[in-house]
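> From the sequence below, what's the structure:
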Amino acid sequence: MTLTKTLLAAALLSMANMSSPAFSADEYNTSSGLTAAGAPLGLHGVDPVAFVNLGNRIDGSARHTAVHDGVAYYFATEEAMNTFSADPAAYLPQNGGFCTFGVSVGKKFDGDPQFAAIVDERLYLFLNEAIFREFQKDEAGTIAKAKENWKKIRATAASDL
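Sure thing, here's the model as predicted:
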């Protein structure tokens with residue numbers, strides 16, 4: 001078997017074995033394509049541990065990758081990767097990484113790490129600056145609406161909303 005056929009077969013096999021919700025129902029906001037870990041990239045490659053613990057948007061590296069629930073996350077350091085692996089729920093972006101304001105109105109828009117907030121030690125992402133400013137007018141109300149709507153739309157494809 002040629003190298004190309006071997007690589008293609010391996011890629012198809014790994015994709016076939018991925019039966020996590022991330023691939024079936026749009027539960028996570030991920031970049032298109034797959035990482036070297038065989039999973040799509042979450043949080044646009046930004047280190048979620050640095051975001052939550054330091055309040056700082058630091059790009060992660062493929063060198064430090066952890067896969068959780070079918071989504072790959074990049075980290076700036078091995079220590080951050082290990083911290084995440086020990087307690088992913090403490091660092092995952094809320095609402096699957098989709099725009100929290102969008103989820104509050106029943107939609108799944110891209111959550112851009114450039115427009116984010118840490119509220120009660122939880123990471124919330126937003127589509128753009130204008131939407132982020134709307135969120136700031138009623139943070140608690142928006143988060144409450146998003147939490148309620150997320151239960152209803154979590155397993156619905158973004159294109160179906």
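
> and the gap between the residue nearest to residue 46 when sequence neighbours are not counted and residue 151?
Excluding its sequence neighbours, the residue lying closest to residue 46 (CB to CB, 6 or more residues apart in numbering) is residue 113, at 4.3 Å. C-betas here are computed from N, CA, C, even on glycine. Between residue 113 and residue 151 the distance is 24 Å, computed by CB to CB, to the nearest Å.

> Among the two, which residue is more densely surrounded?
Counted by other CB atoms under 10 Å, residue 113 and residue 151 do not tie: residue 113 has more neighbours, with 20 against 8.

> Looks to me like residue 118 is in a strand.
Yes - counting by DSSP: H, G, I helix; E, B strand; the rest coil, residue 118 is part of a strand.

> tell me the pLDDT at the nearest residue to it once chain neighbours are set aside?
Leaving aside its chain neighbours, residue 118 sits nearest to residue 55 (5.7 Å; criterion: CB to CB, 6+ apart). On the pLDDT scale, residue 55 is placed at 88.

> Would you mind confirming that residue 55 is in contact with residue 119?
No - if you go by CB atoms under 8 Å, residue 55 and residue 119 don't touch, sitting 11.3 Å apart.

> So these two - more neighbours on which side?
More crowded of residue 55 and residue 119, by other CB under 10 Å: residue 119, with 14 against 11.

> picking that back up, so how far is the helix or strand where the residue nearest to residue 46 lies off the chain centroid?
Using DSSP states H and E, residue 113 sits within strand 112-119. Here strand 112-119 is found 12 Å from its chain centre; the criterion is CA atoms, centre = their mean, to the nearest Å.

> Check stretch 141-159 too.
Here stretch 141-159 shows a centroid-to-chain-centroid distance of 15 Å under the convention CA atoms, centre = their mean.

> Quick check: buried residues in it?
Judged by neighbour count (16 or more other CB atoms under 10 Å), stretch 141-159 contains these buried residues: 142, 143, 145, 146, 149, 150, 153, 154, 158.

> which residues are contacting that stretch?
For stretch 141-159, the external contacting residues (CB atoms under 8 Å, 6 or more residues apart in numbering) are 21, 25-27, 94-96, 98, 100-101, 103-109, 119, 124, 134-135, 161.

> burial of residue 114, as a residue count?
Neighbours of residue 114 (other CB under 10 Å): 12.

> For residue 123, see how far away the closest residue to it other than its chain neighbours is.
The spatial neighbour of residue 114 that comes closest, neighbours along the chain excluded (CB to CB, 6+ apart), is residue 57 at 7.1 Å. As judged by CB to CB, residue 57 and residue 123 stand 10 Å apart.
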